[in-house]
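A.B. asks: Would you be able to build a 3D model of this:
(chains A and B)
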Protein chains: 2
Amino acid sequence: MVKDFDYKRELTEIFSAAVYRVDPEAMILEQCRLDADVLKISAPAGRQVQYDLSGFDKIMVIGAGKATAKMAKAVEALLGDRISEGLIAVKYGHTEDLRIIRTIESGHPVPDDNSVKAADQIIRLAESADENTLVINLISGGGSALLCLPYRDDRFSADLSDKQQTTKLLLECGAGISEINTIRKHLSGIKGGRLAEAIYPAVSLNLILSDVIGDRLDSIASGLTVPDLSTFDDAVRIVEKYNLKDRLPPEILRILDAGKRGAVSETPKPGDPVFAKSENILVGTNLSALKSAEQKAKDLGYNTLVLSSQITGEASEIAKFYLGIGRDLQRDLGLLPRPACVIAGGETTVTIKGNGLGGRNQEMALSFLNELRDFPGIYFLSGGTDGNDGPTDAAGAFAAAGICSEGTARGLDIQEYLNRNDSYNYFRQTGGLLLTGPTNTNVCDIQIMLVV
Amino acid sequence: MVKDFDYKRELTEIFSAAVYRVDPEAMILEQCRLDADVLKISAPAGRQVQYDLSGFDKIMVIGAGKATAKMAKAVEALLGDRISEGLIAVKYGHTEDLRIIRTIESGHPVPDDNSVKAADQIIRLAESADENTLVINLISGGGSALLCLPYRDDRFSADLSDKQQTTKLLLECGAGISEINTIRKHLSGIKGGRLAEAIYPAVSLNLILSDVIGDRLDSIASGLTVPDLSTFDDAVRIVEKYNLKDRLPPEILRILDAGKRGAVSETPKPGDPVFAKSENILVGTNLSALKSAEQKAKDLGYNTLVLSSQITGEASEIAKFYLGIGRDLQRDLGLLPRPACVIAGGETTVTIKGNGLGGRNQEMALSFLNELRDFPGIYFLSGGTDGNDGPTDAAGAFAAAGICSEGTARGLDIQEYLNRNDSYNYFRQTGGLLLTGPTNTNVCDIQIMLVV
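C.D. replies: Residues are numbered from 1 along each chain as shown, chains lettered A, B, ... in the order given. Purely as a prediction, here's the structure:
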């Protein structure tokens, strides 16, 4: 290896290729193409989906999520005045200059009154679409909070505070995330496939950017357009399991009981006709970002391997798995010949022990460095694709022998920084931070390891 | 997948293939072959090493380690009366019926008087070997405790208790394992290459079974026949770093000081002529066991991948990395087409929180099961190659949907068992234990995951 190998530049290039692949605007423009009157969309696994726009009277754009304004901007650039009207819900400040599609800014991560207003207006717009309408539905992470519609008809009057109180109780009693979602979907007028009900009988093209590990469509933005596998029976069973009967708001209990008796319609299930003309396409996922990183690494001359897009676990321990793979690669006993680039993604956690500053990506890089020390030839980067790791201005951090040496020269003890969860301050002093600024997208985190 | 897929049988077959590969007796007989007068040994990376036995007056067998008696048995079966004499040090009870090679049983993991006796006799035997002697040296895990020879000449009289006290002080002050080894090697008359000094000018064939992650030859059994990279200067610096000067036994300090002044010869360094006729061959490693497991998995029809032989970290978190890979494989987005078998090895740790019964392999399997739950199609096994996981009679445990269902039927809460570190009792009640009995070998742990 030449001595001036610029690992930071190469890792950053590979990371940037991943992030660029899921840039909301670029992603739509690269995957959707207008060929005369035909809209063609590249879907995963080489599938191609197309719509003859001349067959529709009207094109409507709706959606919700933090990245949706940029997705909408791309759709306007693509379709221009073919779009009749539109409305999207985005996080406060996450707006773009749009010509046709209107924007409502609402609360995230905690829904607010604007979340209710946005959901109400989007449902009304969807209901106005007839079978000659194409509804283009833009969905990305955060959509679940940005839209909030307590189930309502002339018999029920649950409101935002009822739903907030319910979520709070569920979190406190220790219910799992899938249990919480089962109840949420059955209290909502828009989630768990209810938006698809409203869109029907219009044709619906749902373009989805996934911020959920494993890309389960019924989890991203609470499955607005996806069949719901859970039932009112399940919801009531969860209420009983956690003894919440006496503590839930009365209107919430009334809705769930009515649903169980069949007096409120179930969320739509697989095979329901409302999904017959609805197409869900994942336009961006952690895995698609990893594949793009892999291509860049190949272009740079590396032998590559994408391990998984679903890595979870304690960040500092997961680091050791990567290094275990790196060490075998270095002995030429591993998966690939050198120079090798191993790529994976997911979302890890950090169990806080100290009062330092950091994020899960910086913590992982620091734990990696703690094991690697000043051993040469292995270079690591962990970064959040949204450009924001924990409460810091960094996206993540690098681990490499040179950073350890820099730390040693400054008298910094890696283990002490780890004990305090103070990875940011270690890397700040050693030049190990990855600083990208906000990227306006999010497909969780990415790790890249080079072994040369 | 057929419903009666017998994952336990398949995982056990693959695990057994790994363990059989490093069976001390079978391993020597498969890798060493006598062709007329020529002894041929298969070394890693396809290398072949051979010795014309007719060129030697004498063949001597020495060695130390828990697996050495079985290795010696194989050498006797191979060479019979060509062996003139021999002496090996084994753990109490780990003997075999040997015809020519004598055995001393000594202390492990804490050295005892017999460890000193064994080391003294082996050094004398090695010194008696001349340049027409072939010394076959059998080394496996545990050799470091089974042989103990405080450095001695007419000026120094350090004894076993001095060394024991030194080790105890080093452990208490928080010195790292490589620091402890630096001091140990410089206080020993047999470690850090000193045995190679004693064997020289005889020809030495060192057959090594590695129980050390990464297979560093200078770590296995404290590098009896391997150049030492550390110095007396380093040793004295470590004493100063931890302020041990006033607490170490006086004889120990005298030896280190004399060494630093050059009044005791350094341990032999790379390039020293004592290593010129010495050949170190790794006859068994975690990686060789993994490769054998891989071959068995291929024979069973799996697409296979060996990830790494150097996996470390907290067992319960490392489990999540495996499952992350398994989940992408199951979505057909992963590294391999199904049916897939992913194999890796190493040695993880468990941070004890409760007073349950278990071991690192069972803990990893239980954490895997806690994430997997009753999700079908992914099957996992973690086991210790020595057949002994923690203070239990199990080698490890399986994780699969069927085991979770069995636990649910019995009202067992996986998370509670994890919190108590009580994996053994969970798996005992659900039929999830891997029970092999002692295997008489050890190359750390192995994990196998099937995704069908």
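
A.B. asks: helix, strand or coil for residue A:337?
C.D. replies: Here residue A:337 is recorded as coil under DSSP: H, G, I helix; E, B strand; the rest coil.

A.B. asks: wait, it sits on residue A:301?
C.D. replies: No. Contact criterion Cβ atoms under 8 Å: residue A:337 and residue A:301 do not qualify, at 11.6 Å. Quick note: C-beta positions are derived from backbone N, CA and C, even for glycine.

A.B. asks: Quickly find the element holding residue A:163.
C.D. replies: helix A:160-173 (DSSP states H and E).

A.B. asks: How about that helix and chain B, any contact?
C.D. replies: No. Figure legend: helix A:160-173 not in contact with chain B (Cβ under 8 Å from any Cβ of the partner chain); closest approach 15.0 Å.

A.B. asks: So which residues of the stretch 1-150 of chain A form helices?
C.D. replies: Ranges of helices in the stretch 1-150 of chain A, per DSSP state H, counting those that start in this stretch, are A:7-21, A:24-31, A:68-79, A:113-128, A:143-146.

A.B. asks: So which of those helices is nearest residue B:39?
C.D. replies: Among these, the nearest to residue B:39 by Cβ to Cβ is helix A:7-21 (46.1 Å).

A.B. asks: Give me the pLDDT value at residue A:221.
C.D. replies: The predicted structure scores residue A:221 at 89 on the pLDDT scale.

A.B. asks: Same check on residue A:177?
C.D. replies: 81.

A.B. asks: cool, residue A:151 as well?
C.D. replies: 90.

A.B. asks: What strands flank the lengthiest strand in chain A, and is each parallel or antiparallel?
C.D. replies: Longest strand in chain A by number of residues (criterion: DSSP state E): strand A:83-91. Sheet pairing for strand A:83-91, assigned by DSSP bridges, gives strand A:58-64 (parallel), strand A:102-106 (parallel).

A.B. asks: Of the ones you listed, which stretch is the most buried?
C.D. replies: Among these, ranked by average contacts under mean count of other Cβ atoms under 10 Å in any protein chain shown, first place goes to strand A:58-64 (a mean of 26).

A.B. asks: Ramachandran angles for the residue in the stretch 351-452 of chain A that chain B sits nearest to?
C.D. replies: Evaluated by Cβ to the nearest Cβ, the stretch 351-452 of chain A has residue A:371 as its residue closest to chain B, separated by 7.7 Å. When read as degrees, to the nearest 10, the backbone of residue A:371 gives phi -80, psi -40.

A.B. asks: how about it, what does it touch?
C.D. replies: The neighbourhood of residue A:371, defined by Cβ atoms under 8 Å, 6 or more residues apart in numbering or on different chains, consists of A:319-320, A:323, B:312.

A.B. asks: Which two of those residues have the greatest separation?
C.D. replies: A:319 and B:312 (10.2 Å).

A.B. asks: doesn't residue A:209 make contact with residue A:31?
C.D. replies: No. In this structure, residue A:31 is not within contact of residue A:209 by Cβ under 8 Å, at 10.9 Å.

A.B. asks: who has more neighbours, these two?
C.D. replies: Neighbour tally, residue A:31 and residue A:209, criterion other Cβ atoms under 10 Å in any protein chain shown: the higher count belongs to residue A:209, 30 against 18.

A.B. asks: which residues touch that one?
C.D. replies: Counted by Cβ under 8 Å, 6+ apart, residue A:209 has contacts A:22, A:24, A:27, A:65, A:67, A:71, A:139-141, A:282-285, A:441-443.

A.B. asks: Residue A:178: how many residues sit nearby?
C.D. replies: So residue A:178, with other Cβ under 10 Å, has 14 neighbours.

A.B. asks: check contacts around the residue nearest to residue A:412 when sequence neighbours are not counted.
C.D. replies: In space, and not counting its chain neighbours, residue A:412 is closest to residue A:426: 6.0 Å by Cβ to Cβ, 6 or more residues apart in numbering or on different chains. For residue A:426, the contact set (Cβ under 8 Å, 6+ apart) comprises A:366, A:407, A:412, A:414, A:417, A:432.

A.B. asks: From chain B, how far out is residue A:46?
C.D. replies: 13 Å (Cβ to the nearest Cβ, to the nearest Å).

A.B. asks: for that residue, phi and psi?
C.D. replies: Taking degrees, to the nearest 10 as the convention, residue A:46 sits at phi 70, psi 10.

A.B. asks: And the pLDDT for it?
C.D. replies: According to the prediction, residue A:46 has pLDDT 89.

A.B. asks: And residue A:3, by the same measure?
C.D. replies: 51.

A.B. asks: mind checking how far the strand or helix carrying residue A:206 is from the chain centre?
C.D. replies: Here residue A:206 is covered by strand A:203-209, with elements defined by DSSP H and E. In terms of Cα atoms, centre = their mean, to the nearest Å, the centre of strand A:203-209 is found 16 Å from the chain centre.

A.B. asks: So in that sheet, which strands flank that strand, and in what orientation?
C.D. replies: strand A:133-139 (parallel), strand A:278-284 (parallel).

A.B. asks: Name the nearest residue to the residue most central in space within chain A, ignoring sequence neighbours.
C.D. replies: For chain A, the residue sitting closest to the mean C-alpha position, by Cα atoms, centre = their mean, is residue A:211 at 1.1 Å. Residue nearest to residue A:211 in three dimensions, not counting chain neighbours: residue A:141, with 3.0 Å by Cβ to Cβ, 6+ apart.

A.B. asks: Verify the stated contact: that neighbour with residue A:65.
C.D. replies: Yes. In this structure residue A:141 lies within contact range of residue A:65 using Cβ under 8 Å: 5.9 Å.

A.B. asks: which of the two has more neighbours?
C.D. replies: Applying other Cβ under 10 Å to residue A:141 and residue A:65 shows that residue A:65 carries more neighbours, namely 31 against 24.

A.B. asks: Give me every residue in chain A lying close to chain B.
C.D. replies: With Cβ under 8 Å from any Cβ as the criterion, chain A comes near chain B at residues A:214, A:287, A:305-314, A:317-321, A:323-325, A:327-328, A:331, A:333-335, A:344, A:346, A:371.
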